[in-house]
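*Asks:* Test case, fold it:
(chains A and B)
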Number of protein chains: 2
Amino acid sequence: MKILLVNDDGIHAPGISKLYEAVEGLGEITVVAPDGERSAVSHALTLDKSIQVRTVKTDLFEGTAVDGTPADCVKLALTELLSEKPDLVLSGINLGCNSGLNVIYSGTVGAAAEATFNGINAIALSIDTYHNPSWKPVLPFIRNLVKTVLEKGLPKGVLLNVNIPNVEKASMIKEVMVTQQGMAHWQEAFDKRTDPKGRTYYWMTGVKREKKEDERIDDTALKNNYISITPVQFDLTAYDKFEEIKNMGLSYHNK
Amino acid sequence: MKILLVNDDGIHAPGISKLYEAVEGLGEITVVAPDGERSAVSHALTLDKSIQVRTVKTDLFEGTAVDGTPADCVKLALTELLSEKPDLVLSGINLGCNSGLNVIYSGTVGAAAEATFNGINAIALSIDTYHNPSWKPVLPFIRNLVKTVLEKGLPKGVLLNVNIPNVEKASMIKEVMVTQQGMAHWQEAFDKRTDPKGRTYYWMTGVKREKKEDERIDDTALKNNYISITPVQFDLTAYDKFEEIKNMGLSYHNK
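*Replies:* Here you go, the predicted model:
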């Protein structure tokens, strides 16, 4: 089995080393990841500049560092760097959950999506903390999840978006829940400043706006110490709104 | 009525001027757009650096140029730059269609999506050519479309993704078609080069991989000279795959 690892926190981030540790021995592992942090870059592609690559050695692996986005990494790996199509692409382990509308902004999910578009099974993995993640209760679960997906495959066009609560002990995790993506999003705030020349600039900040949502929603499951697994697909058509849009009377020739 | 214009080709691109021309007089118009091209940046946000803004005057309007992504522009406009919530956000007119899986990568759609997430009606507009667009058959249609949406509104959580064929004469446009997002995507190629110091780098190129799809798909409609209008929503959950994922036997405590 051939497994490609990618992330959006960069090749030197602890999450991708822990992911490597979790799946070591399950197949031939290749690491292709951004050379630094690329959070919230979504599915961005690098089209207006060239992309440099270099080999990076860490304590655990030798990988390829790319000065591009997570999606660039997967495209480059599939087209140029790998001699054969991988059986599975794993993206993560991201620090900070990718749930609710965050899924749209997530570089972690964006990288996994590239694999899905190319008919390759993919899993995006995130842990629900920005600081001091507790990896121990997480790694055996990821290993089992990866084994299962390697064995059984995934439905066509669908990736798994996995969010894991940050808990001290395995016994604190309730179970796995197959969830729906919620619609919670961040409420932005901008910190307005003035530069030494008197010009205005901003820093984007924000807090996640809590939304009262169903128990079956990713954010709620996570809060209740379930591992949230959302099957994600990429047809954004609002099928249930077709009639409503058709009834708006939009026409080109009849004004 | 208050209308916010944004794009991903930059504030100096012809498409946003043409959009301004199309809707002039329908309300109070504000332009907040990237200071240069930001194509294929998807929903990327600028979190790791500050964002500069400056006032830009063109022949048609005075607007705000932002050294950030299209999504940054809308967030900044809604939070800091506008005194009141706009009634409508228009994103475009993009050179090159945003159809099929391109919708996922599109900065044009990404900007419109920001408005949708904040409960504001939004339309993403693209014309199906990269060179010498023929604007004349397009602008009266956009004006009528905007009038209709200002009057009737849109379903909650849904934006319109509008792709317009590039034709010489109005009579060549068949009609408007409410379409589904297709799943056609680009087949990447990388142009591999060596820098003067002997190091490898790449340029991303690619061609759209044609996919035989239904007549009701955005790309097909466009090819047949229909104006394609896809209602787009942002819940990516693959609801029809829930049972299949549940039956995989993923569990935390039972190994």
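*Asks:* Out of the helices and strands in chain A, which is least certain?
*Replies:* The weakest-scoring helix or strand in chain A, judged by mean pLDDT, DSSP states H and E, is strand A:200-208 (a mean of 81).
*Asks:* which parts of that strand are buried?
*Replies:* Of the residues in strand A:200-208, A:201, A:202, A:204 count as buried by neighbour count, 16 or more other CB atoms under 10 Å in any protein chain shown. To be clear about C-beta, it is placed using only N, CA and C from the backbone, and glycine gets the same treatment.
*Asks:* could you pull out the helices for the stretch 151-255 of chain A?
*Replies:* Along the stretch 151-255 of chain A, counting by DSSP state H, counting those that start in this stretch, helices occupy A:218-223, A:242-246.
*Asks:* need the ones you listed in a markdown table with mean neighbour count and mean pLDDT, can you?
*Replies:* Shown next, in a markdown table, are the helices of the stretch 151-255 of chain A (neighbours: other CB atoms under 10 Å in any protein chain shown; pLDDT from 0 to 100):
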| stretch | mean neighbour count | mean pLDDT |
| --- | --- | --- |
| helix A:218-223 | 24 | 95 |
| helix A:242-246 | 14 | 95 |
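*Asks:* give the contact list for residue A:53.
*Replies:* For residue A:53, the contact set (CB atoms under 8 Å, 6 or more residues apart in numbering or on different chains) comprises A:64, A:65, A:66, A:67, A:76, A:81, B:200, B:201, B:202.
*Asks:* which one among the residues you listed gets closest to residue B:11?
*Replies:* residue A:67 (27.0 Å; CB to CB).
*Asks:* Count the neighbours of that closest one for me.
*Replies:* Neighbour count of residue A:67, defined by other CB atoms under 10 Å in any protein chain shown: 17.
*Asks:* Then residue A:224?
*Replies:* Counted with other CB under 10 Å, residues neighbouring residue A:224 total 12.
*Asks:* Look up which residues are beta-bridged to residue A:6.
*Replies:* Beta-bridge pairing of residue A:6 under DSSP bridges involves residue A:91.
*Asks:* Correct me if wrong: it contacts residue A:93.
*Replies:* No: if you go by CB atoms under 8 Å, residue A:6 and residue A:93 don't touch, sitting 11.4 Å apart.
*Asks:* How are the strands of chain A distributed by residue range?
*Replies:* A:2-6, A:28-34, A:51-57, A:62-66, A:88-95, A:121-127, A:159-164, A:176-178, A:186-194, A:200-208, A:227-232 (DSSP state E).
*Asks:* Quick one, which of those strands gets closest to residue A:14.
*Replies:* Closest to residue A:14 of those is strand A:88-95 (CB to CB; 7.9 Å).
*Asks:* packing partners for that closest one?
*Replies:* Secondary-structure packing of strand A:88-95 (3 or more CB pairs under 8 Å, 6 or more residues apart in numbering or on different chains; DSSP states H and E): strand A:2-6, helix A:14-23, helix A:107-117, strand A:121-127, helix A:139-152.
*Asks:* same for the shortest one, what does it pack against?
*Replies:* In this structure, strand A:2-6 packs against helix A:14-23, strand A:28-34, helix A:70-76, strand A:88-95, helix A:107-117, with contacts taken as 3+ CB pairs under 8 Å, 6+ apart.
*Asks:* May I see the ones you listed organised as TSV, with mean pLDDT and mean neighbour count added?
*Replies:* TSV is the format used below for the helices and strands packed on strand A:2-6 (pLDDT from 0 to 100; neighbours: other CB atoms under 10 Å in any protein chain shown):
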stretch	mean pLDDT	mean neighbour count
helix A:14-23	98	21
strand A:28-34	97	23
helix A:70-76	94	29
strand A:88-95	97	28
helix A:107-117	95	29
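*Asks:* Quick one: the ones you listed as JSON lines, columns for distance to residue A:154 too.
*Replies:* Shown next, in JSON lines, are the helices and strands packed on strand A:2-6 (distance: least, CB to CB, whole Å):
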{"stretch": "helix A:14-23", "distance to residue A:154": "16"}
{"stretch": "strand A:28-34", "distance to residue A:154": "19"}
{"stretch": "helix A:70-76", "distance to residue A:154": "16"}
{"stretch": "strand A:88-95", "distance to residue A:154": "9"}
{"stretch": "helix A:107-117", "distance to residue A:154": "9"}
